[in-house]
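In: Quick one, fold the following:
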Amino acid sequence: MSDAEWDLVRDLLPVPGWLAGRGGRPEGYCHRQMIDAVRYLVDNGIKWRAMPADFPPWPRVYAFFARWRDTGLVGELHDRLRQAVRRAEGREPEPSAAVVDSQSVKADATVAHDSRGFDAGKRINGRKRHLLTDTLGLLLAVLVTPASTTDRDAARTLLPTGTSRLRRLARVWADGGYTGHLADWTTQHLGLVLDVVRRREDVRGFQALPRRWVVERSFAWLLRSRRLVRDYERRTDTSESVIRWSMIALMNRRLAAQHHRPAEMPAA
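Out: Numbers count the residues shown, from 1 in each chain. The predicted structure follows:
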């Protein structure tokens, strides 16, 4: 992180228990070192054991990563950054509309067979990432499943996760893979309007559809992180955590660029 990025993220970090008087052992490495190491791993796609010597030892970095994954601290930091980005864009901290979609990616040999599957439509043997984003493309909820899981089945788990934390959410846009009884189910159980944006049958090739292109751009953002080009993680919650770390880095850079943008010169 640059100094500008650290100045922004430092005040959003969860307070360690030993600093808040809740006990526990003081940490041996500062959060900036640990976050830099995790972001380096996500951005460059290295192995844990290939952590450069400039960072703390890889077992300590992995312990930091695992602790934040298991206690939900990475999600807490992610949500605080998302709210800050939305405020900087002149939006409410919580969105009222969202977009949902999925992406199938190949899985590495380290991924267990019981957590992977075959997507017959995409002809991919691996896992599927299900994203719920706001209209800016920022992540609201993520779910990683075997690639054989249908979009409708995953939405029954993903959408309740989003609505439980986002009280203003009222409308969700989706593609044709979410048609069927899912629209009635979301209205009845979640109070959401599921709006399916259909593709025109007479158009061949790429077609930028309203609202749907937002989440497609989010998938493109994630693929900039080499750790996400494939799924290398043994556990699905680890994959979800890596996705959140990728979005944390993106939002942190965006906020730093906005805060240090030079003021426009007045017109002559």
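
In: Show me where the stretch 51-200 of the chain has its helices.
Out: Assigned by DSSP state H, counting those that start in this stretch, the helices in the stretch 51-200 of the chain fall at 58-71, 73-88, 151-165, 182-189.

In: Quick one: closest of those to Trp6.
Out: Trp6 lies closest, by C-beta to C-beta, to one member of these: helix 73-88, at 13.0 Å. No exception for glycine: its C-beta is placed from N, CA and C like everyone else's.

In: Output the closest one in PDB with nothing but the alpha carbons.
Out: Written as PDB, here are the backbone C-alpha positions of helix 73-88 (Å, rounded to 0.1, in the frame of the first residue of the first chain):
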ATOM      1  CA  LEU A  73     -12.900  -9.400  10.000                       C
ATOM      2  CA  VAL A  74     -12.100  -9.300   6.300                       C
ATOM      3  CA  GLY A  75     -15.800  -8.900   5.600                       C
ATOM      4  CA  GLU A  76     -16.100  -6.100   8.100                       C
ATOM      5  CA  LEU A  77     -13.200  -4.200   6.600                       C
ATOM      6  CA  HIS A  78     -14.600  -4.800   3.100                       C
ATOM      7  CA  ASP A  79     -18.000  -3.500   4.000                       C
ATOM      8  CA  ARG A  80     -16.600  -0.400   5.600                       C
ATOM      9  CA  LEU A  81     -14.500   0.400   2.500                       C
ATOM     10  CA  ARG A  82     -17.600  -0.200   0.300                       C
ATOM     11  CA  GLN A  83     -19.600   2.300   2.300                       C
ATOM     12  CA  ALA A  84     -16.800   4.800   2.100                       C
ATOM     13  CA  VAL A  85     -16.600   4.400  -1.700                       C
ATOM     14  CA  ARG A  86     -20.300   4.800  -2.000                       C
ATOM     15  CA  ARG A  87     -20.300   8.000   0.000                       C
ATOM     16  CA  ALA A  88     -17.400   9.400  -2.100                       C
END
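
In: With respect to Arg10, which of the helices of the stretch 51-200 of the chain lies nearest?
Out: helix 73-88 (11.0 Å).

In: Which elements pack onto that closest one?
Out: Contacts defined by 3 or more C-beta pairs under 8 Å, 6 or more residues apart in numbering; DSSP states H and E place helix 73-88 against helix 3-10, helix 58-71, strand 139-146, helix 236-259.

In: And it, what's buried?
Out: For helix 73-88, a neighbour-count test (16 or more other C-beta atoms under 10 Å) marks Val74, Gly75, Leu77, His78, Asp79, Arg80, Leu81, Arg82, Gln83, Ala84, Val85, Arg86 as buried.

In: Below-threshold pLDDT in this structure: ranges please.
Out: 16-26, 199-210, 260-268 (pLDDT under 70).

In: Pull out the buried residues from stretch 149-163.
Out: For stretch 149-163, the neighbour count (16+ other C-beta under 10 Å) marks Thr149, Thr150, Asp151, Arg152, Ala154, Ala155, Leu158, Leu159, Gly162, Thr163 as buried.

In: My error: substitute stretch 121-141 in the last question.
Out: By neighbour count on 16+ other C-beta under 10 Å, the buried set for stretch 121-141 is 124-135, 137-141.
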